[in-house]
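*Asks:* Pasted the sequence and its predicted model underneath.
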Amino acid sequence: MDVVELKTDVLVIGSGAAGMMAALEAANGGVSVILADRSLISRSGATIMAQMTVAVALGSQTPDSPEFHLADTLAAGRDLCDVSLAQLVCEEGPRDILQLDEWKVGWARNANGSIRQAHAPGHDRPRCVYVDFLSTGPAVAKTLRTRVVRQKEVTRVGDLYITDIVVTDGAATGAVGFSLADGRPVAISAKAVVIATGGLTRLYQRNSASANMGGDGYALALRAGATLTDMEFVQFFPIGHLAPRLVGMDPIMWDPFRYKLGGRLLNAEMREFVNDYGNEEAGTYNVTRDRATFAILSEVKAGRGSPAGGAYLSFQHIPEAELRASFGPVIDKLAANGIDLTQMPIEVAPIAHYHMGGVKVDAAMRTGVPGLFSCGEANGGSNGANRLSGNAITEAFVFGRTAGHSAARFAKAAGNADAPVPAGALDLAAAGGPKEGENFAGLIAELQAVMAADVGPFRTEESLTRALGAIAGLKARLGAVPPGAPGPYNMARLDWFDLRTMLLVAEVVTLCAIARKESRGAHQRDDFPAMDDAFVLHHTVTLDGDAIVLGRTPVEGRTIREVA
Amino acid sequence: MRETATLIVRRGNAGDAATTSSYEVPYTPGQSVLDGLRFVRANLDETLSVRHACINANTCKECMIVIDGKVEYACTARLEPRDMVLEPLGNKAHLRDLVTEITPPDERLEHALKTGVGKVAAGA
């Protein structure tokens, strides 16, 4: 079989906001870049799915400072944020938001022309810029894509699936994978590699991101010798759409409407319940995501959930004219789905939304493996145990740009030494075995059910141990060789590679969740319901051969006072 | 009696003689054609290729196919309890089953090779 060999200074894997920022900044640094994505460039991953808010201390509306933004970020992170990373996001966020403004992303404006900032949950003041209620992400993706297309030093390659990072003498020197369009194995020689693959929401049955986010970057980083951190912290978005079936809309669409209009969260008795769980919501919507998720699932557990297993979200108290003014054409899309908000509540439930954990990096986005950098949601540490609303796109910009800068510098310093792809590196991408009667798409669905049931927002030693057993069982069924022969868009083969990644990442999440014997932020243990100071630490993960090795590192500079 | 939808799907690789597979999938009002295809892949036949990145939001725009002769997104077209004929787009190069080449020309591997960032080597 023919092999495609590509060569570049910097390889960026993933083309959401972080990947595109990294590619742009690296190219600005005077090096060649390949921007690779397993799906379509700029249309894959989480950025394109982002609905509204981007948090940034612009102070364009209410006086603000990065310090206040940092204080809210650290508070939401429940004492576990890596302050150097959180600080970078808060301090450099304004620069990137204004850069995007210059690139005409179209941030919403106030009547006086200043950039409008909305007040999102967990923030002490209006701090979130947006383009409009439902399409901030697509606008960001389109704007960055336009810049990338104009940048001649960036070669874009879509439908390129990366199976592994190539490591030579301990340093990242490229990657191997295959072309989805024709199945050909591809080897990429690069002086620096940037992981920008996003999170792991696909591990869960119900999630708000793209189907290609199964934790690719975590598996790539682990196998390359990098360290992961905080992998037990999966953020659930409290009010994901549950019922009735709604097509053509993102399941997280209700959030902006809830805080604009004050939609009421009700249990089966049609009673508001969020304040029963130590919160103080009154007419506004200011409870952080971990607390809202806890409240909804506690009601379900107590037998007071909605018929489909969530809570009701009602806008029935709001006059029809006001609903129409706020929802605009969305009202008609809802009508096409048989939903009339003046007549009925809809049902919502927590869905997997974002991963706080990820690749451990320093403030230059270095992973510890020379030549390997990571950015965006793929990183861990900046959000601690719970991410503040609006910080994801901001960190994608800041971390992406920083990683691109660092990777370009590294590539330049590396000179012209060529690192050939070692023999055998392409074996897996080219391998094919007989179909053994397993349906790997079905096994992925099984894994998603296991993770939702036993490694969701509520966990116990028993549920987590059960999940480990199920994961081991699925691993045995995965086998060592992908099924069938390489060929054009062979999804059954792609499922095998995805399951390979997802099983490793699922095991890592579960092991870290077992180790954290307390409840904090997005990690809630029924058997250890309180926060415990002994666990103000990060769990780290590395691979030793095939063995997953857990470690612990201290949290540095954890209070705002220590930062200031 | 549970209602079902029957998906009659055009199969095969580029250049192969076209065949069809017929799948009976459970029907619940409000579901999309993509819901039905995802059910097929996880429960009946994982060899069926249909591309999508988002599942529901109509954001990725990858799932455009021909449904009963009409070009539609599988994620927004409704599943209906009857025979539905699904085919790949007719105006794009066919890759496999319902998948066509929708990647912009300058984002394909072939284009990268033409720009000189790589070469094709005779492999193992």
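*Replies:* Received it, and whenever you're ready, just let me know what you need.

*Asks:* Run through chain B and note the low-pLDDT ranges.
*Replies:* B:1-2, B:123-124 (pLDDT under 70).

*Asks:* go again using 50 as the cut-off
*Replies:* B:1, B:124 (pLDDT under 50).

*Asks:* What count of nearby residues applies to the closest residue in space to A:I318 that isn't next to it in sequence?
*Replies:* Ranked by Cβ to Cβ, 6 or more residues apart in numbering or on different chains and with sequence neighbours excluded, the top spatial neighbour of A:I318 is A:L261, at 5.4 Å. Placement of C-beta: from N, CA and C, glycine included. Neighbourhood size, A:L261 [other Cβ atoms under 10 Å in any protein chain shown]: 18.

*Asks:* what's near enough to touch residue 66?
*Replies:* Because you didn't say which chain, this covers chain A. Going by Cβ atoms under 8 Å, 6 or more residues apart in numbering or on different chains, A:P66 touches A:57, A:87, A:90-91, A:93-94.

*Asks:* Chain B is the one I meant
*Replies:* Contacts of B:V66 by Cβ under 8 Å, 6+ apart are B:72, B:86-90.

*Asks:* Please repeat the previous calculation with a cut-off of 10 Å.
*Replies:* B:10, B:72, B:85-91, B:98, B:100 (Cβ atoms under 10 Å, 6 or more residues apart in numbering or on different chains).

*Asks:* okay, now A:Y277: neighbour count?
*Replies:* 14.

*Asks:* Now stretch A:306-315: average pLDDT?
*Replies:* Stretch A:306-315 comes out with an average pLDDT of 94.

*Asks:* So for it, what gets flagged as buried?
*Replies:* A:306, A:310-315 (16 or more other Cβ atoms under 10 Å in any protein chain shown).

*Asks:* From the residues you listed, which land in strands?
*Replies:* If you go by DSSP state E, the buried residues of stretch A:306-315 have A:311-314 in strands.

*Asks:* Can you lay out the residues you listed as TSV showing distance to chain B?
*Replies:* TSV is the format used below for these (distance: Cβ to the nearest Cβ, whole Å):
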residue	distance to chain B
A:A311	20
A:Y312	18
A:L313	18
A:S314	20
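
*Asks:* so which of the contacts of B:V66 are also by chain A?
*Replies:* B:98, B:100 (Cβ under 10 Å from any Cβ of the partner chain).

*Asks:* Of the contacts of B:V66, which belong to helices?
*Replies:* Among the contacts of B:V66, no residue falls in helices (DSSP state H).

*Asks:* Got phi/psi on the residue nearest the centre of chain A?
*Replies:* In chain A, the centroid-proximal residue (Cα atoms, centre = their mean) is A:G199; its distance is 3.5 Å. Dihedral angles of A:G199 (phi, psi; degrees, to the nearest 10) stand at phi -100, psi -150.

*Asks:* just the ones in strands among the buried residues of stretch A:306-315 now: which is nearest A:G30?
*Replies:* Distance ranking of these against A:G30, using Cβ to Cβ, places A:L313 first at 51.0 Å.

*Asks:* Identify the farthest-apart pair in the contacts of B:V66.
*Replies:* Most distant of the contacts of B:V66, by Cβ to Cβ, are B:V85 and B:N91, 17.5 Å apart.

*Asks:* Name the residue in these two with the higher neighbour count.
*Replies:* Taking neighbours as other Cβ under 10 Å, B:V85 and B:N91 compare with B:V85 leading, 15 against 8.

*Asks:* if I read this right, the more buried one contacts B:L98, doesn't it?
*Replies:* No. B:V85 is beyond contact range of B:L98, at 11.6 Å (criterion: Cβ atoms under 10 Å).

*Asks:* on that earlier part again, distance-wise, check the residue nearest to A:I318 relative to chain B.
*Replies:* Distance of A:L261 to chain B, given as Cβ to the nearest Cβ, to the nearest Å: 21 Å.

*Asks:* just A:L464 next, same as before
*Replies:* For A:L464, the distance to chain B - Cβ to the nearest Cβ - is 25 Å.

*Asks:* wait, that residue sits on A:F528?
*Replies:* No. A:L464 is beyond contact range of A:F528, at 11.5 Å (criterion: Cβ under 10 Å).

*Asks:* These two: who's more crowded?
*Replies:* More neighbours surround A:L464 than the other of A:L464 and A:F528, with 22 against 18 (other Cβ under 10 Å).

*Asks:* nearest residue to that one other than its sequence neighbours?
*Replies:* Per Cβ to Cβ, 6+ apart, closest to A:L464 is A:I514, 4.8 Å.

*Asks:* Please compute how far whichever strand or helix holds that neighbour lies from its chain's middle.
*Replies:* Per DSSP states H and E, A:I514 falls inside helix A:491-515. Here helix A:491-515 shows a centroid-to-chain-centroid distance of 15 Å under the convention Cα atoms, centre = their mean, to the nearest Å.

*Asks:* next SSE after it?
*Replies:* strand A:524-525.

*Asks:* residues making contact with that following strand?
*Replies:* A:232, A:236, A:290, A:293-294, A:297-298, A:456-461, A:463-464, A:513-514, A:516-519, A:532.

*Asks:* Just the buried residues out of those residues, in PyMOL syntax.
*Replies:* In PyMOL syntax, the buried subset of the contacts of strand A:524-525 is picked out as below (16+ other Cβ under 10 Å):
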select buried, chain A and resi 232+236+290+293+294+297+298+456+457+458+459+460+463+464+513+514+516+518+519
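
*Asks:* Among the contacts of strand A:524-525, which lie within strands?
*Replies:* Per DSSP E, those map to strands at A:236, A:458-459.

*Asks:* right, and out of those residues, which lies closest to chain B?
*Replies:* The shortest approach to chain B among the ones in strands among the contacts of strand A:524-525 belongs to A:F236, at 17.2 Å (Cβ to the nearest Cβ).

*Asks:* Give me the distance between the nearest residue in space to the closest one that is not next to it in sequence and chain B.
*Replies:* Of all residues not flanking A:F236 in the chain, A:P350 sits nearest, at 3.8 Å (Cβ to Cβ, 6+ apart). According to Cβ to the nearest Cβ, A:P350 and chain B sit 17 Å apart.

*Asks:* nearest residue to whichever residue of the stretch 201-350 of chain A sits closest to chain B other than its sequence neighbours?
*Replies:* Nearest residue of the stretch 201-350 of chain A to chain B (Cβ to the nearest Cβ) works out as A:R245 at 3.2 Å. Distances taken as Cβ to Cβ, 6+ apart put B:G30 closest to A:R245, at 3.2 Å, once the chain neighbours are dropped.

*Asks:* wouldn't that neighbour be in contact with A:H241 here?
*Replies:* No. Using Cβ under 10 Å as the test, B:G30 is too far from A:H241 to be in contact (11.7 Å).

*Asks:* When these two are compared, which one has more neighbours?
*Replies:* A:H241 (25 against 16).

*Asks:* Any idea what the more buried one is bridged to?
*Replies:* Beta bridges link A:H241 to A:V348 when assigned by DSSP bridges.
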